[in-house]
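>>> What follows is a protein structure lacking sequence information:
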């Protein structure tokens, strides 16, 4: 081949490459335009309608890591259940004007918040009842649960809100879907609430991530219930980041004189067969936290005995809240002996 033949061939190849890149860019830009149109014409109006409903008890957070939070001072009724948010932005009554007993916080997501339950049946309130019955003075309970928060938001909630309320102890009720993580393929639990207040910059990657998430969860084609595969995918994808978040919470608690522990809540879906199908995942999580010096409760036996303790969305039912509250109260008494003594519990370890 002569030099004269080589030059046109090389030029032709460059032209083809440029044409391919140009076509690819045009396709991606067109897809982004279509995704943006769908977002602004279909998705955003739906989110805006939900946000404008009288019963919407959230607001934009000034903290950029939280993005949204509970609306302080909200009082209302949701589907027949009463719901009150105090001036601190926590579900439940105002804090006592004078601290006369230990303050115990339960941190977590919608399970801790008890999204389907009235005030008196909210999980932290029930823990308080159990402690009052078992101990002379009991504890003042604080519900730090916020629907949709994952571990990274729960960590931030703990770091910014706990110093101002004189906590003596805190328990992180770790729901397995807390491994969800914003702005990654693992974003999901609070995608609706989160995106009401922080729309995605690029819509095409957002929809691709959402499709991936729903495919793994088994809801891409209209299914409602999560799958065991989804839990494993979620936990495996963000395990180290989530453990680091919890480790940061434990370190912060230690530096501020707050007793801290983690209670791992099993998935009702995993218990459906009479055993815990995610026992290996839970044990891996528990062992990793214990290696960091964090007290952990990893018990599923009581939940296995009754499948009615969870609903189809893996939230605790009314009976489930009572069972979880009893277990949490026992865990608190056994894990925080100093707090147990201050509550008036009798015997070593609060037994």
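Received it, and whenever you're ready, just let me know what you need. Everything numeric in this text was worked out from a predicted model, so none of it was measured.
>>> Under the pLDDT cut-off, which ranges of the protein? List them.
By pLDDT under 70, the low-scoring segments of the chain are 1-8, 189-191, 221-224, 307, 347-351.
>>> where do the helices sit along the chain?
Chain-ordered helices for the chain, with DSSP state H as the definition, fall at 3-38, 44-52, 110-113, 123-134, 151-161, 191-197, 203-217, 228-255, 279-291, 301-304, 318-335, 337-342.
>>> now the fourth one, how far from the chain's geometric center?
What it means is helix 123-134. 23 Å (Cα atoms, centre = their mean, to the nearest Å).
>>> got it, and the longest one?
Computed by Cα atoms, centre = their mean, the chain-centroid distance of helix 3-38 equals 43 Å.
>>> ok and it relative to helix 44-52, angle-wise?
Helix 3-38 runs at 30 degrees relative to helix 44-52, counting by axes from the mean of the first three to the mean of the last three Cα atoms, to 10 degrees.
>>> Please spell out which residues along helix 3-38 are buried.
Buried residues in helix 3-38, counting neighbours by 16 or more other Cβ atoms under 10 Å, are found at 35-36. Every residue, glycine included, has its C-beta placed from N, CA and C.
>>> Next, the angle from that helix to helix 203-217.
Between the axes of helix 3-38 and helix 203-217, defined by the same axes, to 10 degrees, the angle is 70 degrees.
>>> For residue 90, find the nearest of the helices of the chain.
Using Cβ to Cβ as the measure, helix 151-161 is the one of the helices of the chain that comes nearest residue 90, at 7.7 Å.
>>> Report the inter-axis angle for the closest one versus helix 228-255.
Here the directions of helix 151-161 and helix 228-255 differ by 20 degrees (the same axes, to 10 degrees).
>>> related to what we said a few turns ago, and the helices of the chain, which is most packed in?
By mean neighbour count, with neighbours taken as mean count of other Cβ atoms under 10 Å, helix 110-113 ranks first of the helices of the chain at a mean of 25.
>>> circling back to that earlier point, could you dump the helices of the chain to TSV with distance to residue 143?
Compiled in TSV, the helices of the chain are given as follows (distance: least, Cβ to Cβ, whole Å):
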stretch	distance to residue 143
helix 3-38	37
helix 44-52	23
helix 110-113	7
helix 123-134	4
helix 151-161	11
helix 191-197	18
helix 203-217	27
helix 228-255	17
helix 279-291	23
helix 301-304	21
helix 318-335	12
helix 337-342	17
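>>> Which one of those helices lies nearest to residue 84?
Among these, helix 123-134 comes nearest to residue 84, with 11.2 Å by Cβ to Cβ.
>>> Show me what the closest one is packed up against.
Packed against helix 123-134, as judged by 3 or more Cβ pairs under 8 Å, 6 or more residues apart in numbering; DSSP states H and E, are the following elements: strand 103-108, helix 110-113, strand 140-145, helix 318-335.
>>> and the residue positioned nearest the centre of the chain, what is it in contact with?
For the chain, the residue whose C-alpha lies nearest the mean C-alpha position (Cα atoms, centre = their mean) is residue 150; its distance is 3.1 Å. Under the criterion of Cβ atoms under 8 Å, 6 or more residues apart in numbering, the contact list for residue 150 reads 109, 177-182, 189-190, 242.
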